[in-house]
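Novice: Pasted the sequence and its predicted model underneath.
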Amino acid sequence: MDPPKYNGTVHPEEWMQQFKVFCCSNKIPQSEEQYLWKQLIHPAIKIPSIENISTHDELLNALKAHVSFAIFKESCKKKLMELKYIPEKDGADEAIFIKNDSYVAIKHAATGKYLSSLPGINYKTGSYNQAVFAGETLPEPNTIWTITFNTNFAFDDSQIYLTHEMSGRMLICCHNQYESPLSKHTEVNCYVGYEYGGYSAAWKLKMRNSTNNCTRVKSQDRIILQNNDYNKVLRSHELEFNLNDKSYQEVFCHDERIGGNDEWIIELIEDHLFQYICDISK
């Protein structure tokens, strides 16, 4: 059994497991592991102060902080998004329809960025609640939502609820109570609970240019999300606002004419893919 070399094409935790198995199988004492792992890391992967690293956890953290790990994660996500469902027959399989309590990611059609939120990132104006924005261009844990409704499958015009998986908070339209940070339309945020004094978590899912010929919503369909209580439509655009010295693409609700910036693409994230996205983002 050859010692496993680290060149940035595997997850650091997977490589560390292989390294430990190799050391155990070859009865390599712990005192010699530090010298060995330095020889197994590719010369192009420069780890600052590697001479001072003495534990497995310190080495893992150093490898995850290196740019090669970010490149590895992006490569994995791109491969994940390139996977296509190929139906066995002409008809679509039920597996690609949006079911109650599914994980979904919702991509803004015009800019390609996903509807996102982050615990601890709150608006500095308006409600001061957890901010909602269009962020990543590939699915990350902060882009995953749980979709719930009262039927087995989502249909055109279904009333739905979206819960942000990372924070457990619901996607909320604030009616006229608070303005969005940049365009001064209606604020959208993440909040605990369905209804609370001018907050509404109920949305109508409206299909646009469906890729199937029935009223059931499936992965990759274009949709519009309209708040069920206030009839305001979810929109994003290329303009960005600033929070904690970082820029975020604004998401808000409006009651103006519907256009291209109101279209979103719903993507089904199966359970094992959700776990995979979380794992490679660690």
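Specialist: Arrived safely.
Novice: For residue 252, what is the enclosing helix or strand?
Specialist: Element membership for residue 252, per DSSP states H and E: strand 246-254.
Novice: Would you mind pulling the contact partners of that strand?
Specialist: Strand 246-254 is contacted from outside by 108, 111, 113, 115, 121, 131-135, 173-174, 180-183, 185-188, 227, 230, 232-242, using Cβ atoms under 8 Å, 6 or more residues apart in numbering. Bear in mind the C-beta positions are built from the backbone N, C-alpha and C, glycine included.
Novice: Strands of this protein, residue ranges please.
Specialist: 102-108, 115-122, 130-134, 145-148, 158-164, 170-173, 186-191, 195-196, 199-200, 203-208, 222-227, 233-243, 246-254, 264-269 (DSSP state E).
Novice: Where among those strands is average confidence lowest?
Specialist: Ranked on mean pLDDT, the bottom entry among the strands of the chain is strand 195-196, at a mean of 62.
Novice: Please, where are all the helices along the stretch 1-150 of the chain?
Specialist: 12-25, 30-40, 56-65, 67-82 (DSSP state H, counting those that start in this stretch).
Novice: Turn those into JSON lines, including mean pLDDT and mean neighbour count.
Specialist: Formatted as JSON lines, the helices of the stretch 1-150 of the chain follow (pLDDT from 0 to 100; neighbours: other Cβ atoms under 10 Å):
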{"stretch": "helix 12-25", "mean pLDDT": "86", "mean neighbour count": "16"}
{"stretch": "helix 30-40", "mean pLDDT": "84", "mean neighbour count": "13"}
{"stretch": "helix 56-65", "mean pLDDT": "88", "mean neighbour count": "16"}
{"stretch": "helix 67-82", "mean pLDDT": "75", "mean neighbour count": "14"}
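Novice: Export those as JSON lines, with columns for distance to residue 201.
Specialist: Output for these, formatted as JSON lines (distance: least, Cβ to Cβ, whole Å):
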{"stretch": "helix 12-25", "distance to residue 201": "37"}
{"stretch": "helix 30-40", "distance to residue 201": "49"}
{"stretch": "helix 56-65", "distance to residue 201": "36"}
{"stretch": "helix 67-82", "distance to residue 201": "28"}
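Novice: Which of the ones you listed sits closest to residue 161?
Specialist: With Cβ to Cβ, the closest approach to residue 161 among these belongs to helix 67-82: 25.6 Å.
Novice: if I look at the residue lying closest to residue 30 once chain neighbours are set aside, how far off is residue 149?
Specialist: Spatial nearest neighbour of residue 30, excluding adjacent residues (Cβ to Cβ, 6 or more residues apart in numbering): residue 23 at 7.9 Å. Going from residue 23 to residue 149 by Cβ to Cβ, to the nearest Å gives 51 Å.
Novice: Residue 30 now?
Specialist: Taken as Cβ to Cβ, the span from residue 30 to residue 149 is 54 Å.
Novice: On the pLDDT front, check residue 280 for me.
Specialist: pLDDT, read off for residue 280, is 69.
Novice: And for residue 198?
Specialist: 76.
Novice: thought it was touching residue 177?
Specialist: Yes: the pair residue 198 / residue 177 is scored as a contact, 4.2 Å apart, by Cβ atoms under 8 Å.
Novice: so who does the residue nearest to the spatial centre of the chain touch?
Specialist: The centroid of the chain falls nearest to residue 143 when counting by Cα atoms, centre = their mean (2.5 Å). Contacts here follow Cβ under 8 Å, 6+ apart; on that basis residue 143 touches 105, 106, 114, 115, 116, 135, 136.
Novice: and those residues as TSV, adding distance to residue 96?
Specialist: Compiled in TSV, those are given as follows (distance: Cβ to Cβ, whole Å):
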residue	distance to residue 96
105	14
106	16
114	19
115	20
116	23
135	25
136	22
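Novice: Mind putting those residues into a markdown table with neighbour count and distance to residue 56?
Specialist: Formatted as a markdown table, the contacts of residue 143 follow (neighbours: other Cβ atoms under 10 Å; distance: Cβ to Cβ, whole Å):
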| residue | neighbour count | distance to residue 56 |
| --- | --- | --- |
| 105 | 25 | 33 |
| 106 | 21 | 38 |
| 114 | 24 | 34 |
| 115 | 28 | 37 |
| 116 | 27 | 33 |
| 135 | 21 | 32 |
| 136 | 17 | 30 |
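Novice: hmm, back to that, any idea how far the residue nearest to the centre of the chain lies from residue 59?
Specialist: Counting by Cβ to Cβ - residue 143 and residue 59 are separated by 30 Å.
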